[in-house]
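Visitor: coords please:
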Amino acid sequence: MFTQLTLDITLKDSFTFDNFVTGDNQLLVDLLKDKKLDSEKQVYIWGMHNAGKTHILQALCQYYSGSNINVSYLPLHQLISYSPEVFQGQEEMDVCCIDDVQLLCDKPDWQEALFDLINRARENNTRLVISANQPPTEISIELNDLISRLQWGPVFKLNELSDTEKCLALQQRAECRGFDLADNVANYLLNNCHRDIADLFVILETLDKAQLQQHRRLTIPFVKSVLGD
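Guide: Numbers count the residues shown, from 1 in each chain. Predicted coordinates:
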């Protein structure tokens with residue numbers, strides 16, 4: 001069961017394992033999808049901006065949806081304006097996903113709260129899945145004991161997709177939206193737009209809305225007309 005705070009936090013329907021192109025990250029995905037939950041009690045995932053960290057954490061929550069596994073998702077970019085009390089009771093979950101831990105820099109009360117949660121989670125056999133933009137040893141957190149706790153489990157770098165994998169990701173996203181994305185159109189987007197995969201997904205959504213409104217097929221000339229190229 002997916003448990004959520006009484007805050008305005010929702011999961012994106014498109015963030016699933018079905019449309020997550022694993023690339024060189026298969027070992028991480030296999031570990032997260034292991035429903036036995038006793039192999040690793042804490043997993044730390046880091047990667048550059050828009051590498052897919054939020055996607056994989058939300059995909060994990062949706063993967064467990066409908067099962068007997070209780071999971072929560074805590075996006076710190078939304079919660080940081082609240083009190084660190086949001087960590088209270090999270091050790092009662094089977095799985096707790098915490099996104100963007102680097103945002104706790106210069107916030108000693110939050111750092112102490114996360115330190116305490118990690119200790120409680122270990123005592124309660126709760127699996128913590130934590131994301132950040134840097135490895136634990138390089139993250140700008142002042143509480144050294146917390147840095148040590150963040151290394152209690154395996155640390156994975158979320159590797160960026162290759163160009164071929166980005167094209168595949170675009171085609172899978174298009175398929176989820178109900179249309180086919182030709183190879184030449186996918187390659188055009190990759191070579192003529194911002195290469196960040198998250199930005200490419202936004203462009204793809206814009207193109208999909210345009211083709212539905214104008215009853216057009218997604219061809220390169222149509223893409224150029226929509227994007228103003």
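Visitor: Check the residue at minimal distance from the centre of the chain and give its pLDDT.
Guide: Nearest residue to the geometric centre of the chain (CA atoms, centre = their mean): residue 54, 1.7 Å. Looking at residue 54, its pLDDT is 92.
Visitor: next one: residue 172
Guide: The predicted local confidence for residue 172 is 87.
Visitor: try residue 221
Guide: 92.
Visitor: Show me where this structure has its helices.
Guide: Secondary structure of the chain (DSSP state H): helices located at 26-32, 53-64, 76-79, 108-124, 144-149, 163-176, 183-192, 197-214, 220-227.
Visitor: Buried residues in the fifth one, which are they?
Guide: Going back to what we said before, that points to helix 144-149. By neighbour count on 16 or more other CB atoms under 10 Å, the buried set for helix 144-149 is 146, 147, 149. Backbone N, C-alpha and C define where each C-beta goes, glycine included.
Visitor: show me what contacts the first one?
Guide: By CB atoms under 8 Å, 6 or more residues apart in numbering, residue 146 lies in contact with 111, 112, 114, 115, 118.
Visitor: Residue 216: which of those residues is nearest?
Guide: Residue 216 lies nearest to residue 114 out of the contacts of residue 146, by CB to CB, at 49.4 Å.
Visitor: Would you agree that closest one is in contact with residue 103?
Guide: No: using CB atoms under 8 Å, residue 114 makes no contact with residue 103, being 10.9 Å away.
Visitor: So which of those two has more stuff around it?
Guide: Neighbours were counted for residue 114 and for residue 103 using other CB atoms under 10 Å; residue 114 has more, 26 against 16.
Visitor: Spit out the contact partners of the more buried one.
Guide: Residue 114 is in contact with 84, 87, 98, 101, 104, 146, counting by CB under 8 Å, 6+ apart.
Visitor: next one: residue 109
Guide: Residue 109 sits next to residue 84 when contact means CB under 8 Å, 6+ apart.
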